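Enquirer: with the sequence up front, the predicted model follows.
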Amino acid sequence: MSDTYRGGGGSAAAITQEADALAYAVARMPATYAATAAVFAEVQARSPDFKPASLLDAGCGPGGGGWAALAAWPSLAKVSAVDESATFLDLAASLWASGPKALAAATRHRGDLRRADLPRADLVLASYALAEIPPADLAAVAARLWEACDGLLALVEPGTPAGFQRLAKVRTSLIAAGGRILAPCPHEGACPLAEDPTPGFPGWCHFSIRLPRRRDHRLAKAADAPFEDEPFAYLLAARPGLVGAAAQARVLARPQVAKPGVTLRLCTPAGLELHTVPRRDKAGYAVARRLGWGDNLDRPRLPASSRDR
Ligand SMILES: C[S@@+](CC[C@H](N)C(=O)[O-])C[C@H]1O[C@@H](n2cnc3c(N)ncnc32)[C@H](O)[C@@H]1O
């Protein structure tokens, strides 16, 4: 299964029987779940009043997105899932059967996201699914997901340059369609990473989540480490009523701690910045030391200090 995915094949090639879907659930679902849960945590931080009553999990696979959504919003009452894979839909159903009522009673539709009727929902999720849509159909699928969305559209992709590029393309069309970007971007202007010259930092917007590996997970991957780091990219587009105070800046890479101080790579409404907080600025340094990759930054709380760019 991993060989097929790594070779560029999608789920249609990788998942042909129940054992393949189970292999995905053991080897990949912990990481895609963790990335999706991290994105939902960001929604809760940015938009605490958002309490979706319904979820559409588009390209649900074995259903990790539903579990992550119910963990974030236990009040979710209605769950729908669309996927072209009957094998994945069956596995999602059998896993969801032991879950909260909304998951156990979820409606599942086998269909192609390019054509199928998509049930409307307050929260529409596509996690690691756009990667499998042919590039020529990407904008149309994103538009269909946006049409089905009454509140928030959450897109989660692998944290690769290609995953970022897909989201960058979709971001432009969602903004043009009236979507407001809740995260990760602190602005709705052109993405400055599209032409990123900062040496020593990756040129694509992505984040990383560390997750525990349980025994089966370790065995399936023949891995010793009791954890793994999943790189992911994401985009949250909301209907206008849902967006509160604009984000100020986003920490785009792991902060670099060196003798002179902490260097933060930030995406701000004015573009990319490298911001160094010197050790001698004790209060500012204490704030900067607590910041992590992916954190959202309140500019007024950011100490004034040397700005390299
Ligand atoms: C890599 S899996 C991701 C599954 C799950 N969302 C997750 O995060 O673990 C991609 C999923 O998208 C589905 N998919 C790919 N192309 C699709 C299409 N055109 N229409 C419907 N589902 C599609 C696949 O069947 C598969 O379940």
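Expert: Good, I have the coordinates.

Enquirer: the ligand contacts on the stretch 51-200 of the chain?
Expert: 59-61, 64-65, 83-85, 88, 112-114, 127-129, 132-133 (C-beta under 6 Å from any ligand atom). All C-beta atoms are positioned from the backbone trio N, CA, C, and that covers glycine.

Enquirer: tell me the SS of Ala233?
Expert: Going by DSSP: H, G, I helix; E, B strand; the rest coil, the secondary structure assigned to Ala233 is strand.

Enquirer: just checking, it touches His206?
Expert: Yes - with contact defined as C-beta atoms under 8 Å, Ala233 counts as touching His206 (4.5 Å).

Enquirer: find residues that contact each of the two.
Expert: Taking C-beta atoms under 8 Å, 6 or more residues apart in numbering as the contact definition, Ala233 and His206 share the neighbouring residues 159-160, 163-164.

Enquirer: any weak-confidence spans in the stretch 101-250 of the chain?
Expert: Low-confidence segments of the stretch 101-250 of the chain (pLDDT under 70): 195-199, 246.

Enquirer: mind listing the helices for it?
Expert: 101-104, 138-147, 161-176, 215-221 (DSSP state H, counting those that start in this stretch).

Enquirer: for Leu113, which non-adjacent residue is closest in space?
Expert: Across the structure, with C-beta to C-beta, 6 or more residues apart in numbering as the measure, the residue nearest Leu113 apart from its sequence neighbours is Val141 (5.1 Å).

Enquirer: what is the burial count for that neighbour?
Expert: The tally of other residues near Val141 (other C-beta atoms under 10 Å) stands at 22.

Enquirer: doesn't Lys78 make contact with Leu103?
Expert: No - when contacts are counted by C-beta under 8 Å, Leu103 is not listed as touching Lys78 (10.6 Å).

Enquirer: so which of those two has more stuff around it?
Expert: Neighbours were tallied for Leu103 and for Lys78 using other C-beta under 10 Å; the higher tally belongs to Leu103 (22 against 16).

Enquirer: next up, the contacts around Tyr5.
Expert: Applying C-beta under 8 Å, 6+ apart as the definition, the contact partners of Tyr5 turn out to be Ala14.

Enquirer: with respect to Ser94, which of the helices of the stretch 101-250 of the chain lies nearest?
Expert: Distance to Ser94, taken as C-beta to C-beta, is lowest for helix 101-104 among those, at 10.6 Å.

Enquirer: which residues are in contact with the closest one?
Expert: Residues from elsewhere that reach helix 101-104 (C-beta under 8 Å, 6+ apart): 55, 63, 66-67, 70, 76-79, 96-98.

Enquirer: repeat that for 6 Å
Expert: Helix 101-104 is contacted by residues 66, 70, 76-77, 79, 96-97 when judged by C-beta atoms under 6 Å, 6 or more residues apart in numbering.

Enquirer: wait, doesn't Glu70 sit right on Pro100?
Expert: In this structure residue 70 is Leu, not Glu. Yes - look at Leu70 against Pro100 with C-beta atoms under 6 Å: they come within range, at 5.0 Å.

Enquirer: quick one: which of those two has more around it?
Expert: Set side by side, Leu70 and Pro100 show more neighbours around Leu70, with 19 against 16, by other C-beta under 10 Å.

Enquirer: secondary structure element for the more buried one?
Expert: For Leu70, the host element (DSSP states H and E) is helix 64-72.

Enquirer: show me what that helix is packed against.
Expert: Using 3 or more C-beta pairs under 6 Å, 6 or more residues apart in numbering; DSSP states H and E as the contact test, the elements touching helix 64-72 are helix 29-46, strand 54-58.

Enquirer: quick check: buried residues in it?
Expert: Taking 16 or more other C-beta atoms under 10 Å as the basis for neighbour counts, the residues of helix 64-72 that come out buried are 64-70, 72.

Enquirer: what's the first helix or strand after it?
Expert: Per DSSP H and E, helix 64-72 leads on to strand 78-83 as the next helix or strand towards the C-terminus.

Enquirer: give me the angle between the helix or strand following that following strand and strand 54-58.
Expert: Next in sequence after strand 78-83, counting helices and strands by DSSP H and E, comes helix 86-96. Orientation check (axes from the mean of the first three to the mean of the last three C-alpha atoms, to 10 degrees): helix 86-96 against strand 54-58 gives 140 degrees.
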